[in-house]
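A.B. asks: generate coordinates for the sequence data below:
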Amino acid sequence: MKKLGLLVRLEAKAGKEKSVEEFITSALPLANEEAGTITWYAFRIDASTFGIFDTFSDEEGREAHLGGKIAKALMENAPELLAAAPKIEKIDILAAK
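C.D. replies: The predicted structure is shown next:
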């Protein structure tokens with residue numbers, strides 16, 4: 001059951017919007033490799049704001065994701081692609097369908 005999540009907001013630098021979109025969509029195969037990641041979504045909020053939402057059944061899965069390949073690549077590429085540091089929020093899922 002999905003009990004825990006992460007909500008990540010990413011603000012692209014001017015002119016880097018397409019690169020951010022390509023970066024986050026290319027992370028899907030990595031998310032598929034993570035046994036503890038139940039669902040993973042990459043989305044756009046507006047022209048320069050993007051997000052990632054993922055769910056986990058337990059804290060171990062969430063922590064594994066935070067220490068995994070996607071997070072590492074995000075932090076390595078953030079200075080080039082993002083206008084500000086990624087905003088990463090741990091959330092508790094109260095209800096889901």
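
A.B. asks: give me the distance from the biggest helix by length in the chain to the chain's centre.
C.D. replies: Assignment by DSSP state H gives helix 69-81 as the longest helix of the chain. The chain centre lies 11 Å from the centre of helix 69-81; the measure is CA atoms, centre = their mean, to the nearest Å.

A.B. asks: list the buried residues of stretch 38-55.
C.D. replies: Within stretch 38-55, the residues scored as buried using 16 or more other CB atoms under 10 Å are 38, 40, 42, 48, 50-52, 54-55. For the C-beta atoms, the positions are set from N, CA and C on the backbone; glycine is no exception.

A.B. asks: what about the residue nearest the centre of the chain, which SS state?
C.D. replies: By CA atoms, centre = their mean, the chain has its centre lying nearest to Ile52, at 3.6 Å. Put simply, Ile52 is strand when judged by DSSP: H, G, I helix; E, B strand; the rest coil.

A.B. asks: what sits against it?
C.D. replies: 6-8, 10, 24, 27, 40-43 (CB atoms under 8 Å, 6 or more residues apart in numbering).

A.B. asks: how about Thr55, nearest residue that isn't a chain neighbour?
C.D. replies: Lys2 (4.0 Å; CB to CB, 6 or more residues apart in numbering).

A.B. asks: is it true that the one you found touches Ala95?
C.D. replies: No - with contact defined as CB atoms under 8 Å, Lys2 does not reach Ala95; the gap is 10.0 Å.
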